[in-house]
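>>> I'll drop the sequence and a predicted model, then ask my questions.
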Amino acid sequence: QVQLVESGGGVVQAGGSLRLSCTVSGRTETTSRAAWFRQAPGKEREFVAAIYWSGDSTYYGDSVKGRFTISRATDNDKKIAYLQMNSLSPEDTAVYFCAAARWDSLYDYNYYGQGTQVTVSS
């Protein structure tokens, strides 16, 4: 199995920055990529960013392009996906979830973390 734990959420003023971390453990070798999603109250889940564990491919949702950066690291047998968020606005307030996809999953993500709250005050 694969486990994901997010950290780094909190409260920040508009224009500020936060960095989220997603630690992926367990059978990480069965996963090919990680992503961040977010969900604000009363809204549907929104794709934020994705990164493959190997290579240079990254992907971003239109609403965060140019402000957010996804990156990766390894820590022994764990994999970490970071989300650097700059120029935050109240519209970025949401619960941010980390997800990982198996190699055989082309479009879907199979594992999710519990989420971390990000609140941007005006």
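Thanks, I have the structure now.

>>> I'd like the next helix or strand past the host helix or strand of V11.
If you go by DSSP states H and E, V11 is part of strand 10-13. Next helix or strand after strand 10-13 toward the C-terminus (DSSP H and E): strand 18-26.

>>> give me the distance from that next one to the chain's centre.
8 Å (C-alpha atoms, centre = their mean, to the nearest Å).

>>> helix or strand next in line after it, which one?
strand 31-39.

>>> what average pLDDT does the helix or strand just after that following strand get?
Counting by DSSP H and E, the element after strand 31-39 in chain order, helix or strand, is strand 46-52. Strand 46-52 shows a mean pLDDT of 97.

>>> model confidence for the closest residue to N86 other than its chain neighbours, exactly?
Nearest residue to N86, sequence neighbours excluded (C-beta to C-beta, 6 or more residues apart in numbering): S17, at 4.7 Å. Where you see a C-beta, it was placed from the backbone N, CA and C, and this is true even at glycine. As predicted, S17 sits at a pLDDT of 98.

>>> so what's Q13 closest to, chain neighbours aside?
S121 (5.5 Å).

>>> please apply the same query to F47.
G61 (4.8 Å).

>>> just V118 next, same as before
G9 is the one closest to V118 (C-beta to C-beta, 6+ apart), at 4.9 Å.

>>> what's the answer for A73, then?
Per C-beta to C-beta, 6+ apart, closest to A73 is I80, 4.5 Å.

>>> and the one you found, what element?
strand 78-85.

>>> can you tell me what sits against that strand?
If you take C-beta atoms under 8 Å, 6 or more residues apart in numbering as the criterion, strand 78-85 is touched by 17-25, 28, 31, 34-36, 48-49, 51, 53, 64, 67-74, 92, 96, 98, 118.

>>> any idea of the angle the helix or strand encompassing V118 forms with strand 31-39?
In this assignment (DSSP H and E), V118 forms part of strand 116-121. Angle of strand 116-121 versus strand 31-39, following axes from the mean of the first three to the mean of the last three C-alpha atoms, to 10 degrees, is 40 degrees.

>>> got the angle for strand 116-121 vs strand 78-85?
Going by the same axes, to 10 degrees, strand 116-121 makes 10 degrees with strand 78-85.
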